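1. Coordinates for the following, if possible.
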Amino acid sequence: MNEQYSPTGFRVLPTVVKNLLIINVLMFLATFTLRKFNIDLNDILGLHFFKASGFRLYQIVTYMFMHGNFEHLFFNMFALWMFGANMENIWGSKRFLLFYLVCGLGAGLCQEGVQYIQYATQLAGFESVDLGGNMVLSMDRYLNLMTTVGASGAIYGLLLAFGMMFPNSMIYLYFLFPIRAKWFVIGYAVIELISGFVGGGNVAHFAHLGGMLFGLILILHWKKKGELYG
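-> Predicted coordinates for the structure are as follows:
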């Protein structure tokens, strides 16, 4: 893809990126503040598995503004600024916001699909789940624990977009090791795919891949229509 673009009017902190940063930080602060009053925003606004009693349709949007801890929030917001500022300056605010939300929604849908496969192949037909150590949960309680939070799906979509638009740009891993954007994106996609099948850790790997997939589809659609640059 064409890497040439005009830097005229480039903003270090464009409107949508700035507002997304503010919203995510405010929601994070609200989450920890309300816990003092026994209100769990991650439970209310996080994306539950659709067969769980805690699932609400609005969660497919709200989940991407919630984060589990400071590290989760920091790295997502840093990547949002690092890659998102470039993309918003190129696409404009409306197109950038559309792309961000499509990637986030796509990530959530993919996560729901993967969870359904897990449910259908491992859990369907059981009334409870034995976690060991004399800990047995009802099936609905267990399903309600299958909750996804974070902007990572949308962020991975932005990472893909940056890699496609600027494949030969240099990204510095840990601020020290240079790598071209295209290899950075491919490497992350491979790692997420392997991690998704291997499992382990409380990370929604397939949601990340879903964000990249939906981002790829939208970029290819814009490119086909000759609207990649607005």
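2. Next, the buried residues of the one helix or strand in the chain whose mean pLDDT sits lowest.
-> Sorted by mean pLDDT, DSSP states H and E, the helices and strands of the chain end with strand 170-173, the least confident at a mean of 73. Going by neighbour count (16 or more other Cβ atoms under 10 Å), the buried part of strand 170-173 is residue 171. Placement of C-beta: from N, CA and C, glycine included.
3. partner strands of that strand, parallel or antiparallel?
-> Sheet pairing for strand 170-173, assigned by DSSP bridges, gives strand 177-180 (antiparallel).
4. Need the CA coordinates for the helix or strand just after the partner strand. PDB is fine.
-> Using DSSP states H and E, the next helix or strand after strand 177-180 towards the C-terminus is helix 181-198. Output of helix 181-198 as PDB, limited to C-alpha atoms (Å, rounded to 0.1, in the frame of the first residue of the first chain):
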ATOM      1  CA  ALA A 181       5.800  -2.500  11.000                       C
ATOM      2  CA  LYS A 182       4.800  -5.300   8.600                       C
ATOM      3  CA  TRP A 183       6.900  -7.900  10.500                       C
ATOM      4  CA  PHE A 184       5.700  -6.500  13.800                       C
ATOM      5  CA  VAL A 185       2.100  -7.000  12.800                       C
ATOM      6  CA  ILE A 186       2.700 -10.500  11.400                       C
ATOM      7  CA  GLY A 187       4.600 -11.500  14.400                       C
ATOM      8  CA  TYR A 188       1.900 -10.400  16.800                       C
ATOM      9  CA  ALA A 189      -0.800 -12.200  14.800                       C
ATOM     10  CA  VAL A 190       1.200 -15.400  14.800                       C
ATOM     11  CA  ILE A 191       1.800 -15.200  18.500                       C
ATOM     12  CA  GLU A 192      -1.900 -14.500  19.200                       C
ATOM     13  CA  LEU A 193      -2.900 -17.400  17.000                       C
ATOM     14  CA  ILE A 194      -0.600 -19.800  18.800                       C
ATOM     15  CA  SER A 195      -1.500 -18.500  22.200                       C
ATOM     16  CA  GLY A 196      -5.200 -18.900  21.400                       C
ATOM     17  CA  PHE A 197      -4.800 -22.600  20.700                       C
ATOM     18  CA  VAL A 198      -2.300 -23.300  23.400                       C
END
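5. Residues in a beta bridge with residue 137, which ones?
-> Counting by DSSP bridges, the residues bridging with residue 137 are residue 129.
6. residues in contact with residue 13?
-> 21, 81, 85 (Cβ atoms under 8 Å, 6 or more residues apart in numbering).
7. CSV for these, including pLDDT?
-> Formatted as CSV, those follow (pLDDT from 0 to 100):
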residue, pLDDT
21, 98
81, 95
85, 94
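8. Is the residue nearest the centre of the chain within a helix or a strand, and which one?
-> Nearest to the geometric centre of the chain sits residue 153, at 1.8 Å (Cα atoms, centre = their mean). Under the criterion of DSSP H and E, residue 153 resides in helix 152-165.
9. For the chain, which segments are assigned as helices?
-> Under the criterion DSSP state H, the chain carries helices at the ranges 15-34, 41-45, 59-62, 70-91, 93-118, 139-144, 152-165, 181-198, 205-224.
10. For stretch 136-152, which outside residues touch it?
-> In contact with stretch 136-152 (Cβ under 8 Å, 6+ apart) are residues 20, 24, 42-43, 45-49, 51-54, 63-68, 72, 76-77, 80, 104, 107-108, 111, 115, 119, 123, 126-131, 204, 207-208, 211.
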